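*Asks:* I need the structure of the sequence given here:
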Amino acid sequence: MELTDREFERLVAFMHDNYGINLSAKRVLIQGRLSNMLRDRGFKTYTEYLDAVMADTSGAEVTTILNKLTTNHTFFMREPEHYTYLKEVILPYLVKTVKNNELRIWSAGCSSGEECYTTAMLLNEYFGKDKSRWDTRILATDISHSVMDKAKLGIYNAEGMKGLSPEWKNKYFKPVGEDKYEICQQIKDEIIFKPFNLMDPMPKTFAARPFDLIFCRNVMIYFDQPTKTALVNRFYDVLKPGGYLYIGHAESISRTETKFEYIKPAVYRKPL
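*Replies:* Residues are numbered from 1 along each chain as shown. Below is the predicted model:
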C-alpha cells in the first residue's frame with residue numbers, strides 16, 4: 001500500500017506531537033510494519049487508517065500503532081552493570097539518607113515488566129530480613145496498555161530470563177507451561193503499574209514526593225534531541241537532590257542543556 005508524502009508527514013507529525021517519537025527518517029519502516037495490517041483490516045489508504053486512529057477515544061488504535069512502530073524487546077537483568085551499581089553504590093547511599101524507610105523508584109517506559117521486576121528482586125535480596133521495614137514499591141509506567149497488561153501477568157519465556165541466576169529463577173518464578181514461567185506474587189506486589197505518556201506534564205505528586213532513582217532506558221532512542229532534552233529536564237525536576245537517572249547505553253544526555261552530573265556511561269545524578 002502506497003504511503004503518500006502528505007500521509008507520511010501527517011503520521012510523523014501525529015507521533016511526534018503526541019508521543020515524542022521521531023519517525024521522520026523511518027518511511028520504509030512505517031510501510032513495512034503497517035501496510036499488511038491496514039490491508040488485512042480493510043483500510044484502502046493510510047489516510048483512512050489515520051482518521052480511525054485519531055477518532056478512537058478508547059486508546060486501542062493508538063496502542064496498536066505504537067506497538068507496531070516501536071520495539072518493546074527487553075529482558076531480565078538488561079545492562080547488568082546498572083544493577084551492580086545500584087547494589088554497591090546507590091542503595092548504600094539511600095539507606096543512609098532516605099527518610100521514613102521509603103525508596104521512590106520509577107521505571108519510565110517499563111515495557112513488558114522485566115526491568116521493574118529485576119529491580120524488585122534485587123531490592124528483596126539486598127534488604128533480606130529487613131525488607132518488611134522498607135517501602136520499596138516501584139512505579140512502572142508505559143504508554144502502551146497492551147505491554148503493561150503483559151507485565152501485570154508476569155509470565156515470561158526462558159529466553160528472556162537468561163540473565164538471571166538459577167537461584168533467582170528458583171526463588172522467584174514457577175513454571176506455568178512449556179518454557180513459560182510466572183513471577184511470584186511477592187514480587188508482583190512490589191510494582192504499581194500506571195499508564196503514562198512521557199510527553200504529558202509530570203503529575204504534581206511527582207514533584208511533591210520526588211524520586212530517588214528513575215529508569216528511562218532505551219526509550220529516548222525514538223526522540224529527537226529537543227524532545228529528549230525537555231524530557232530529561234522534567235526528570236530532573238522530579239528527582240531528589242542526589243537522585244539518579246539511568247538511561248540506555250545507546251543513549252546520551254547533553255551536558256550543556258541539562259543540570260545533571262555525569263557519573264558513568266548511562267548513569268547521571270542530580271547534584272546535592
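*Asks:* which residues in this structure form helices?
*Replies:* Assigned helices in the chain, in chain order: 5-19, 27-40, 46-55, 60-69, 80-85, 91-97, 114-127, 145-153, 166-172, 185-188, 204-208, 225-237 (criterion: DSSP state H).
*Asks:* can you give me the buried ones in the third one?
*Replies:* The neighbour-count criterion (16 or more other Cβ atoms under 10 Å) identifies 46, 49, 50 as the buried residues of helix 46-55. All C-beta atoms are positioned from the backbone trio N, CA, C, and that covers glycine.
*Asks:* may I see those organised as TSV, with distance to residue 232 and pLDDT added?
*Replies:* Shown next, in TSV, are these (distance: Cβ to Cβ, whole Å; pLDDT from 0 to 100):
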residue	distance to residue 232	pLDDT
46	32	94
49	33	94
50	30	94
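*Asks:* still on that earlier bit, show me the one of the helices of the chain that comes nearest residue 249.
*Replies:* Minimum separation from residue 249 across the helices of the chain (Cβ to Cβ) falls at helix 80-85, 8.8 Å.
*Asks:* got the buried residues for the closest one?
*Replies:* 82, 83, 85.
*Asks:* repeat for stretch 85-93
*Replies:* Neighbour count says stretch 85-93 has 85, 86, 90, 91 buried, by 16+ other Cβ under 10 Å.
*Asks:* so how far is that stretch from its chain's centroid?
*Replies:* For stretch 85-93, the separation from the chain centroid amounts to 21 Å (computed by Cα atoms, centre = their mean, to the nearest Å).
*Asks:* next, the distance between the ends of that stretch.
*Replies:* 11 Å (Cα to Cα, to the nearest Å).
*Asks:* check stretch 132-147 too.
*Replies:* With Cα to Cα as the measure, stretch 132-147 spans 30 Å from end to end.
*Asks:* report the buried residues of that stretch.
*Replies:* Going by neighbour count (16+ other Cβ under 10 Å), the buried part of stretch 132-147 is 134, 136, 137, 138, 139, 140, 141, 142, 143, 144, 145, 147.
*Asks:* just the pLDDT for the first one.
*Replies:* Same thing as residue 134. pLDDT recorded at residue 134 is 97.
*Asks:* correct me if wrong: it contacts residue 102.
*Replies:* Yes: counting by Cβ atoms under 8 Å, residue 102 is a contact partner of residue 134 at 7.4 Å.
*Asks:* doesn't residue 74 make contact with residue 111?
*Replies:* Yes: between residue 111 and residue 74 there is a contact at 4.9 Å, judged by Cβ under 8 Å.
*Asks:* look at the two and report which has more neighbours.
*Replies:* residue 111 (23 against 18; other Cβ atoms under 10 Å).
*Asks:* what angle separates the least confident helix or strand in the chain by mean pLDDT from helix 27-40?
*Replies:* Between all helices and strands in the chain, the lowest mean by mean pLDDT, DSSP states H and E belongs to helix 60-69, at a mean of 86. Comparing the axes of helix 60-69 and helix 27-40 via axes from the mean of the first three to the mean of the last three Cα atoms, to 10 degrees yields an angle of 130 degrees.
*Asks:* give me the angle between helix 60-69 and helix 46-55.
*Replies:* 120 degrees.
*Asks:* what comes up buried for helix 60-69?
*Replies:* 61, 62, 63, 64, 65, 66, 67, 69.
*Asks:* ok, now stretch 246-257?
*Replies:* Result for stretch 246-257 [16+ other Cβ under 10 Å]: buried residues 246, 247, 248, 251, 253.
*Asks:* coming back round to it: out of the buried residues of helix 60-69, the closest to residue 33 would be?
*Replies:* residue 69 (6.1 Å).
*Asks:* mind listing what the closest one touches?
*Replies:* 15, 21, 23, 26, 29, 30, 33, 34 (Cβ atoms under 8 Å, 6 or more residues apart in numbering).
*Asks:* mind checking how far it is from residue 17?
*Replies:* 15 Å (Cβ to Cβ, to the nearest Å).
*Asks:* give me phi/psi at the spatially most distant residue from the centre of the chain?
*Replies:* Residue farthest from the centre of the chain, counting by Cα atoms, centre = their mean, is residue 44 at 33.9 Å. Torsion angles at residue 44 (phi, psi; degrees, to the nearest 10) stand at phi -90, psi -20.
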